[in-house]
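**Q** Attaching a predicted model along with its sequence, questions to come.
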Amino acid sequence: MDIRKILFVTQFEELWFDALQSLLDLRRAALEHVVFVNVIEREKVTMHRGTGYQKREAMRLREKANIHFINWAEALFEQGLEVGVYIVVGALVTRVVEAAAKEEADLIVLGDRRQGGLKQFYAGEELAEIVRRSRVPVMLYRYAGARHEALPPFQRPLLATDWGPASRNAVAYLRRLQAVIEEINVVHVADERQLRGDSAMTIQKTRKDERARLEALCEQFEGDGIPARAHLVVGEPADLIVKAARQCQATMIVSGISTRRGFGARWRGGTYRAIADKTDLTTLIVPVPATAEDR
Amino acid sequence: MTKKVLVVDDDPDVRLFNITVIEECGYSALEAENGEEGLAKVKQERPDLVLLDVLMPRQSGIRLYRELKTDPALKQIRVVLLSGIAEKTFLRSQKALTEFGGAAVPEPEHYLEKPVEPEKLARTLKQILG
């Protein structure tokens, strides 16, 4: 699947437009359309004691958002991009998922700034719910602040694979991006239980098999013109993936999610959230392809 | 026969305002919420004029304008842009799309910036449709 259309969710955080600019190298792949989404939280305009629905406040917030969007849209239109806007009142998760479906977006981008004393915008539960309900990859974009350059996330991603359907989907997704990826690092975290062999040779064979699988995956990327390096580690997945990303100077961590029963227990729900919690890097969470999950 | 004007805008308040002006001028009004729906309505209803917003979901007015002006069957339909996006941006955008390999399109005859006074909108419609 190509990334033709990005759904860019914003509450007009500082430097958020810089973050968007860092994603525009995706134009060298297939990006042609950016859709902005601003969700006005219902609590801001409704249910005030004695006042009910605050239509004027809703209108004021809409027009304020519109001023931001016109400014941003003009910059993108002039670059030949297609731009759309949703300014909606309601629950963040529902509205984002609805807009993504309506627009048939290929990627949802959410912002999160941890440094600088601003409150974290997306609660873990909101991210988890958007990921759970989304049919397309969800990016939790992290920007480090005004003093740091917003690096293009797809420049040097680290792909964490558990060999499951979501990981395979992530591979297919990334292989289409050879025009923007300079290098990819692929990491697999082996389960310690896999290494409980009767002899050193059994354990070494497991290591060798996993290593060969990783090398084969790297060859696929290399075949597409994307330089790739394999890393096999063993232990607690989230910690090791975050550490590997730091060592490789990755610009983003890519991981899959699986909601299928009985598959990849260590990855279900937990790992991608643990990674997002532990890293300061942008994370991309890729779902199981719709067709595989629906079967 | 009453002339038909298609309003393409995602904002229901703006659509209502435009439709009121159009009907007060004696024309018949049609409406669409975005560029995609607008194009379908144009093909189906063949309006005499399209009153077109730029920044909309699904498909922008920039792309719809391009579709209208590059389709031999539709390019005679008159178009008035009515948007918060600056005309300069609209023109630069069309230029960029042409440079990326698209066909050249003519500049719009009328470009009105939101918000527009009802008298000005009515005057523009009458000037074009008589």
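**A** That came in fine, so what should we check first?

**Q** Around the one residue in chain B that gets nearest to chain A, how many other residues sit close by?
**A** For chain B and chain A, the shortest gap (C-beta to the nearest C-beta) falls at B:Ala96, measuring 3.4 Å. Using the backbone N, CA and C atoms, a C-beta is placed for each residue, glycine as well. Per other C-beta atoms under 10 Å in any protein chain shown, the neighbour tally for B:Ala96 reads 16.

**Q** interface residues of chain A facing chain B?
**A** Those residues of chain A that sit near chain B, judged by C-beta under 8 Å from any C-beta of the partner chain, are A:35, A:66, A:69-70, A:73-74, A:77-80, A:82-86, A:99, A:102-103.

**Q** before we move on, back to that, tell me which element the residue of chain B closest to chain A is part of?
**A** Element membership for B:Ala96 (DSSP states H and E) is helix B:87-99.

**Q** which parts of stretch B:24-38 are buried?
**A** Using 16 or more other C-beta atoms under 10 Å in any protein chain shown as the test for burial, stretch B:24-38 gives B:25, B:27-38.

**Q** Looking at strand pairing, list the partners for the residue nearest the centre of chain B.
**A** What sits nearest the mean C-alpha location of chain B, by C-alpha atoms, centre = their mean, is B:Leu52, with 2.3 Å. Beta-bridge partners for B:Leu52, by DSSP bridges, are B:Val8, B:Leu81.

**Q** My guess is it contacts B:Val80. True?
**A** Yes. Taking C-beta atoms under 8 Å as the definition, B:Leu52 is a contact partner of B:Val80 at 6.9 Å.

**Q** Alpha carbons of the helix or strand in which A:Arg213 is found, as PDB, please.
**A** Here A:Arg213 sits within helix A:200-223, counting by DSSP H and E. C-alpha atoms of helix A:200-223 as PDB (Å, rounded to 0.1, in the frame of the first residue of the first chain):
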ATOM      1  CA  ALA A 200      24.300 -25.500  23.300                       C
ATOM      2  CA  MET A 201      23.900 -26.700  19.800                       C
ATOM      3  CA  THR A 202      20.100 -26.500  19.900                       C
ATOM      4  CA  ILE A 203      20.300 -23.000  21.200                       C
ATOM      5  CA  GLN A 204      22.800 -22.100  18.600                       C
ATOM      6  CA  LYS A 205      20.600 -23.600  15.900                       C
ATOM      7  CA  THR A 206      17.700 -21.400  17.000                       C
ATOM      8  CA  ARG A 207      19.900 -18.400  16.900                       C
ATOM      9  CA  LYS A 208      21.200 -19.400  13.400                       C
ATOM     10  CA  ASP A 209      17.600 -20.000  12.100                       C
ATOM     11  CA  GLU A 210      16.400 -16.600  13.400                       C
ATOM     12  CA  ARG A 211      19.400 -14.900  12.000                       C
ATOM     13  CA  ALA A 212      18.900 -16.500   8.600                       C
ATOM     14  CA  ARG A 213      15.300 -15.300   8.600                       C
ATOM     15  CA  LEU A 214      16.400 -11.800   9.400                       C
ATOM     16  CA  GLU A 215      19.100 -11.900   6.700                       C
ATOM     17  CA  ALA A 216      16.500 -13.100   4.200                       C
ATOM     18  CA  LEU A 217      14.200 -10.200   5.100                       C
ATOM     19  CA  CYS A 218      17.100  -7.800   4.700                       C
ATOM     20  CA  GLU A 219      17.800  -9.200   1.300                       C
ATOM     21  CA  GLN A 220      14.200  -8.400   0.300                       C
ATOM     22  CA  PHE A 221      14.800  -4.800   1.300                       C
ATOM     23  CA  GLU A 222      18.200  -4.700  -0.400                       C
ATOM     24  CA  GLY A 223      16.500  -6.100  -3.500                       C
END
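
**Q** Quick one: list the elements packing against that helix.
**A** The contact analysis (3 or more C-beta pairs under 8 Å, 6 or more residues apart in numbering or on different chains; DSSP states H and E) places helix A:200-223 against helix A:165-175, strand A:184-190, strand A:228-234.

**Q** on that earlier part again, excluding its backbone neighbours, what's nearest the residue of chain B closest to chain A?
**A** Nearest residue to B:Ala96, sequence neighbours excluded (C-beta to C-beta, 6 or more residues apart in numbering or on different chains): A:Gly80, at 3.4 Å.

**Q** Hmm, that neighbour is touching B:Thr89, no?
**A** No. In this structure, A:Gly80 is not within contact of B:Thr89 by C-beta under 8 Å, at 11.7 Å.

**Q** re the thing from before, could you measure the residue nearest to the centre of chain B against B:Ser60, distance?
**A** Distance of B:Leu52 to B:Ser60, given as C-beta to C-beta, to the nearest Å: 10 Å.

**Q** same check, this time on A:Ala91
**A** A:Ala91 is 27 Å from B:Ser60, by C-beta to C-beta.

**Q** neighbour-wise, which of these two wins?
**A** More neighbours surround B:Ser60 than the other of A:Ala91 and B:Ser60, with 29 against 16 (other C-beta under 10 Å).

**Q** wait, what's in contact with that one?
**A** By C-beta atoms under 8 Å, 6 or more residues apart in numbering or on different chains, the contact set of B:Ser60 is A:Phe77, A:Glu82, A:Val83, A:Gly84, B:Gly35, B:Val54.

**Q** and the residue nearest to B:Ala96, how many residues sit next to it?
**A** 19.

**Q** cool, and the one 10 residues further on?
**A** Summarising burial for A:Gly90: neighbours were counted as other C-beta under 10 Å, giving 13.

**Q** No further queries at this time; thank you.
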